[in-house]
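Asks: Structure for the following, please:
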Amino acid sequence: MAVEPRQAIAVAVRRLRALTVWHSIAISVTLLYTVWLAVRTTRDHFGLGTSAYDFGLYDQGLWLLSQGKAPFVTLMGRNLFGDHTSFILLPLVPLYWFVGSTGLLFVVQAITLGIGALPIWKLTRLLLDSLPMSCVAVVAYLLHPALTFTGMENFHPDAALAPLIAWAIYAAVAYRWAQYVTAVVLILMVKEDTALFVVALGAWVAIRRDRHVGVVTIVGSLWVALLFLFAVLRGIVGVPYRNEWRLPFGGLGGLIRTTFTRPDKLIAHLVSGERPLYLLQLLAPVGFVALVRPEIALLGTLPLLSNLVSTFWYQSQIEYHYAVQFVPIVVIGAMFGISRLAEHLRVWFVSVVLVASIVCAYIWTPLPFMRTEMPRWSPSHPAVDAAHEAINRVPEGAVVSAYHTLTAHMARRERIYVFPTPYRRVLFGADVFAKGDRLPFAEEVQYVILPRELEGETAIDWQTERLFFDVVYGNDWWTVYERVR
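Replies: All right, here's what the predicted structure looks like:
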C-alpha cells in the first residue's frame, strides 16, 4: 500500500523528536568525520598527492566501463578485475555518467567508511541497550587509526569492508538473515580473499545461531573464492594467484611444509619485524577489551594470519588498507565482550574503550589536533595550475605516457601509461617481476608529459627517447612532448 506524503512526514517528525543527545552526538561526529575525510582526500588529490597506484588505475577502469568498453587498465597493464576481483566497484559505474570530477572516488570512499558507524551503533544498542555506550562504540570506530589511514591511502575497494563486515556481524547477531545474506554477498564481491573472513563468520553462525545458514555460508564462500581464483583471475591473467611470492619459505608448498616440520620457524616469522606493533595498534584502540570474550574478535583470525604470514611489508602495517577489515571486528568484539559481563562492570569497561580510543587516536590516528600527521598537498601550489595547463595541451584521445602524479588526473582515456612505461617496463602486466624491457607498442605513444627538471632514472630513460619528440609546451614545472618521428 502506498504511503501518503502527509503520513510519511508525520512519521519522520516523530522520529526526529525521539532523537536524544546521544543520537545527536553520534550523528554529528560521523558527519564531521566523513566531511573532513572527503575534503582532506580530495584536496590532496587535486594538489597532485595521488598517483596511478592506487587511484588512477581504478578511475581508468571504471571510466572505461562507463563508456561500454572492456576495463583493460593500461596504467597497470591488465584488466581491472585481473588485479583483484573487486566487483563491488560495478555500482559506481553509473556515477561516471553524471560526475566529471576525478575526486569522485575519494568522496565515495569517505562516505563508505563513515557509514560503517551505523551498524556499529545498531549492534551496540542491541547488545547493551544503552545509548551512551552505543555512542562510545561509534567514537571508537571512527577514531581507530586503521580507518583513517585507509581513507587517506589513495583509493581502495577494501574500504567497503568496514561497513559491510559490521553489517554482516550485526545481521548475524540479530537473526536478520535477508540482511545477512546481502552483506555476505557484498563482502565476497570486494576481493577474492574476503572468503577468509566469511568462512569464520559462517562457522560462528553455525555454532551460535543457525547451523544450516552457517554451513551454507562456509560452502558458498569457498565456492565463490575458488570461482574467482580459478575461473576469473586465471582466465584473465593466466594464474589463479599472482602473489605467491609474498609467501615465506619459498611459496605455498614451503609454507605448508614448514608449518608441520618446523613450526618454531613459522612462529618466529609471525612475531618478527613490526608485527607485534601491528597487533598492538589493532587492539589497543579498544583497550584490548575485544579479548574479554574473544569469539567475535576471532572472526578476524584467518585474514590476520594472512597478513602476518605475508612477506609483503605493507600487509602488517596499520597505515595500509589491509588493516581496515579489522576495525569493525575489534570494535564489535569489544562491545560483544562487554555485553557478556555483569551489569555493574559494563560502564567501567566501556570507559576503558573510550579512553583507549582517544589516547590511541592521539598517538597514531592522522586526524586534526593529533600527534600523527600525513603530508598535505595543496591545490593552490603553482605546480598544480601548471600541471593542468600542460594536461590541457594533450588531445583527449591521444596515447600518453606521463609522470605518475599526473596520471591520476589523466586516467579517463583508453591508453595512458606511467612513465617510463612503455619505454622501460615498470609495474606493468600480469607478472609483477617483469621489468626493464621495452614494450612493443612504445612507438605508438603520441605525447609525453614530464617534470621540467629530470633526475635519476627518469632522465636516463628519457635521454634515449627524446630524439623522437619535440617540445610543444613548457612552463616552470612541466614539459609536454609530441612525437614527430
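Asks: Now for residue 388: which residues touch it?
Replies: residue 409 (Cβ atoms under 8 Å, 6 or more residues apart in numbering). (Glycine included, C-beta is placed from N, CA and C.)
Asks: immediately after the strand or helix carrying it, which helix or strand?
Replies: Assigned by DSSP states H and E, residue 388 belongs to helix 382-391. Of the helices and strands lying after helix 382-391 in sequence (DSSP H and E), the nearest is strand 400-402.
Asks: Parallel or antiparallel, list what pairs with that following strand.
Replies: The strands beside strand 400-402 in its sheet (DSSP bridges) come out as strand 416-418 (parallel), strand 447-451 (parallel).
Asks: As a markdown table, these with mean neighbour count would be great.
Replies: Shown next, in a markdown table, are the strands paired with strand 400-402 (neighbours: other Cβ atoms under 10 Å):
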| stretch | mean neighbour count |
| --- | --- |
| strand 416-418 | 26 |
| strand 447-451 | 22 |
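Asks: For those, please prepare CSV with the additional fields distance to residue 147 and mean pLDDT.
Replies: Output for the strands paired with strand 400-402, formatted as CSV (distance: least, Cβ to Cβ, whole Å; pLDDT from 0 to 100):
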stretch, distance to residue 147, mean pLDDT
strand 416-418, 29, 97
strand 447-451, 34, 97
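Asks: Make a markdown table out of the ones you listed and add distance to residue 188.
Replies: Converted to a markdown table, those look like this (distance: least, Cβ to Cβ, whole Å):
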| stretch | distance to residue 188 |
| --- | --- |
| strand 416-418 | 31 |
| strand 447-451 | 39 |
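Asks: need the contact list for the residue nearest to residue 302 when sequence neighbours are not counted.
Replies: Closest residue to residue 302 apart from its sequence neighbours, by Cβ to Cβ, 6 or more residues apart in numbering: residue 196 at 3.9 Å. Residues in contact with residue 196 (Cβ under 8 Å, 6+ apart) are 302-303, 306.
Asks: from the residues you listed, which would you call buried?
Replies: For the contacts of residue 196, a burial check counting by 16 or more other Cβ atoms under 10 Å picks out 302-303, 306.
Asks: Just the buried positions in the strand or helix carrying the residue nearest to residue 302, please.
Replies: Residue 196 is part of helix 195-208 when elements are defined by DSSP H and E. Using 16+ other Cβ under 10 Å as the burial criterion, the residues of helix 195-208 that qualify are 195-206.
Asks: what mean pLDDT does that helix have?
Replies: Averaging pLDDT along helix 195-208 gives 98.
Asks: CA-only coordinates of that helix, as CSV, when you get a sec.
Replies: Provided in CSV are the C-alpha atoms of helix 195-208 (Å, rounded to 0.1, in the frame of the first residue of the first chain):
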residue,chain,number,x,y,z
ALA,A,195,36.3,-15.6,2.0
LEU,A,196,38.8,-15.9,4.8
PHE,A,197,36.6,-13.7,7.0
VAL,A,198,33.3,-15.1,5.6
VAL,A,199,34.3,-18.7,6.4
ALA,A,200,35.0,-17.8,10.0
LEU,A,201,31.7,-15.8,10.2
GLY,A,202,29.8,-18.9,8.8
ALA,A,203,31.4,-21.1,11.5
TRP,A,204,30.3,-18.7,14.2
VAL,A,205,26.8,-18.6,12.8
ALA,A,206,26.6,-22.4,12.6
ILE,A,207,27.7,-22.7,16.2
ARG,A,208,25.8,-19.7,17.8
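Asks: and after that helix, which helix or strand comes next?
Replies: helix 211-227.
Asks: what packs against that following helix?
Replies: For helix 211-227, the elements it packs on are helix 177-188, helix 195-208, judged by 3 or more Cβ pairs under 8 Å, 6 or more residues apart in numbering; DSSP states H and E.
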